[in-house]
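Asker: When you get a sec, could you give me coordinates for this:
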Amino acid sequence: QVQLEESGGGLVQAGDSLRLSCDVSGPRFIDYTIGWFRQAPGKEREFVASISWTDTKSFADPVKGRFSVSRDSDSKRGYLQMNALTPEDTAVYYCAVDTKVTGSHPTRAWSYSYWGPGTQVTISS
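Answerer: Below is the predicted model of the structure:
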């Protein structure tokens, strides 16, 4: 069983930075792909970024050049560093884990089996 919990959300101003953390409990962290998704009010959940067990990274176009992802196997944490935030980045942010070593589709929500409860990120203009 894998459990996830995000932290680091909050209210910041446009142009500021935030770093989200995702604590992952599970037996084989080194094999997991960690994904980040977000859902703004009235919108569907959308892919933000991911980092695979091979450290392959993917980013959605709106966040390329501003967001980065990383992982720490010792602490079993994933991180989403968000820079140059804009009001359009306001959303609930979720981390998710895909335990498949092969056949993963890291930009697709359906590929992930486990999800955290989410953390609110609000950017004021």
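Asker: Let me know whether Val121 touches Glu88 as I believe.
Answerer: No: between Val121 and Glu88 there is no contact under C-beta atoms under 8 Å: 11.2 Å. C-beta coordinates here come from the backbone N, C-alpha and C atoms, glycine included.
Asker: So which of these two has more stuff around it?
Answerer: Taking other C-beta atoms under 10 Å, Val121 and Glu88 do not tie; Val121 has more neighbours (23 against 11).
Asker: Pick out the residue nearest the middle of this structure.
Answerer: Closest residue to the average C-alpha location of the chain: Trp36 at 2.2 Å, with C-alpha atoms, centre = their mean.
Asker: With the flanking residues excluded, which residue is spatially nearest to that one?
Answerer: Counting by C-beta to C-beta, 6 or more residues apart in numbering, Val48 is the residue found nearest to Trp36 once chain neighbours are left out, at 4.3 Å.
Asker: for Thr119, which residues make a bridge with it?
Answerer: Tyr93 (DSSP bridges).
Asker: which residues touch Glu46?
Answerer: 37-39, 60 (C-beta atoms under 8 Å, 6 or more residues apart in numbering).
Asker: got it, and Ser68?
Answerer: Contacts of Ser68 (C-beta under 8 Å, 6+ apart): 49, 57, 80-81, 83.
Asker: Could you pick out the buried ones from those?
Answerer: 49, 80 (16 or more other C-beta atoms under 10 Å).
Asker: Can you give me the neighbour number for Gln120?
Answerer: Gln120 has 12 nearby residues by other C-beta under 10 Å.
Asker: try Leu4
Answerer: Neighbour tally, Leu4, other C-beta under 10 Å: 22.
Asker: Val24 too?
Answerer: Neighbours of Val24 using other C-beta under 10 Å come to 22.
Asker: shouldn't it be in contact with Ile34?
Answerer: Yes: shown here, Val24 and Ile34 form a contact pair, counting by C-beta under 8 Å, at 7.2 Å.
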